[in-house]
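1. I need the structure of the sequence given here:
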Amino acid sequence: MTDITLRVNGTGHPVGVDDTALLLDVLRERIGVTSAREGCGVGACGACTVLADGRSVSACLAPAVRYDGVPLSTADGLPEDDPVVSAFVDSDAMQCGYCIPGFVLMTTELLAENLDPSDEQIVEHLEGNICRCATYPEIITAVRLASTRAVR
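-> Just a heads-up that it's a prediction; the model follows:
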């Protein structure tokens with residue numbers, strides 16, 4: 001057992017974890033973060049995405065001990081008036097909503113790097129996320145809209 005502190009959405013959470021514990025399991029089962037979700041279990045669908053120091057991570061593959069003290073952001077920590085969240089809502093870019101937290105975080109990461117991405121750059125950046133409801137056109141529209149609302 002290793003004692004670590006996960007810094008999730010600005011709050012420190014001291015937890016004791018087995019060295020093989022996955023970040024997703026610790027976030028969901030020990031800390032109560034519900035926006036990071038189990039999808040495929042192999043890091044290919046994006047449902048478990050979190051941002052670690054601003055960079056996307058597949059939490060279903062990541063050992064929790066590697067993130068001791070690292071600032072983690074999840075969709076749970078975003079305010080309702082977040083420009084990316086509101087763009088997804090305003091663009092009807094969701095049906096069931098299961099995949100949306102991962103898309104929102106990946107969009108946040110993209111816009112931190114590039115406030116005016118092309119459609120090709122949007123598709124390339126989000127390609128590791130799967131929407132089983134197939135709202136891809138609306139998701140691209142949401143990213144474009146979010147880029148116009150983001151702080152420049």
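
2. ok, how many other residues are close to V42?
-> 9 (other CB atoms under 10 Å). (C-beta placed from N, C-alpha, C; glycine too.)

3. Likewise for T148?
-> Taking other CB under 10 Å as the neighbour definition, T148 ends up with a count of 11.

4. what are the phi and psi values for it?
-> According to degrees, to the nearest 10, the main-chain angles of T148 amount to phi -80, psi -20.

5. pLDDT value on it, please?
-> Looking at T148, its pLDDT reads 94.

6. Domain map for the chain?
-> Domains of the chain are assigned by automatic domain parsing as 2-75, 83-149.

7. From one end of the shortest one to the other, what's the distance?
-> Its first and final residues considered, domain 83-149 spans 6 Å by CA to CA, to the nearest Å.

8. just the longest one next, same as before
-> Its first and final residues considered, domain 2-75 spans 27 Å by CA to CA.

9. Please name the residues that touch I130.
-> 39-40, 44-47, 99 (CB atoms under 8 Å, 6 or more residues apart in numbering).

10. Spell out which helix or strand contains it, please.
-> With the criterion set as DSSP states H and E, no secondary-structure element contains I130; it sits in neither a helix nor a strand.

11. Start from the N-terminal end of the chain and give the strands.
-> Counting by DSSP state E, the segments of the chain that form strands are 2-8, 11-17, 49-52, 55-58, 71-73.

12. low pLDDT regions in this structure?
-> Scanning the chain for pLDDT under 70 picks out the ranges 151-152.

13. would you list every one of the helices in it?
-> All helices of the chain, identified by DSSP state H, fall at 23-25, 83-90, 100-113, 119-126, 136-149.

14. Can you name the residues that contact the closest residue to L72 other than its chain neighbours?
-> The shortest distance from L72 to any residue that is not its chain neighbour, by CB to CB, 6 or more residues apart in numbering, is 4.9 Å, and that residue is V8. Each residue near V8 by CB under 8 Å, 6+ apart is listed here: 27, 31, 33, 72-74, 77.
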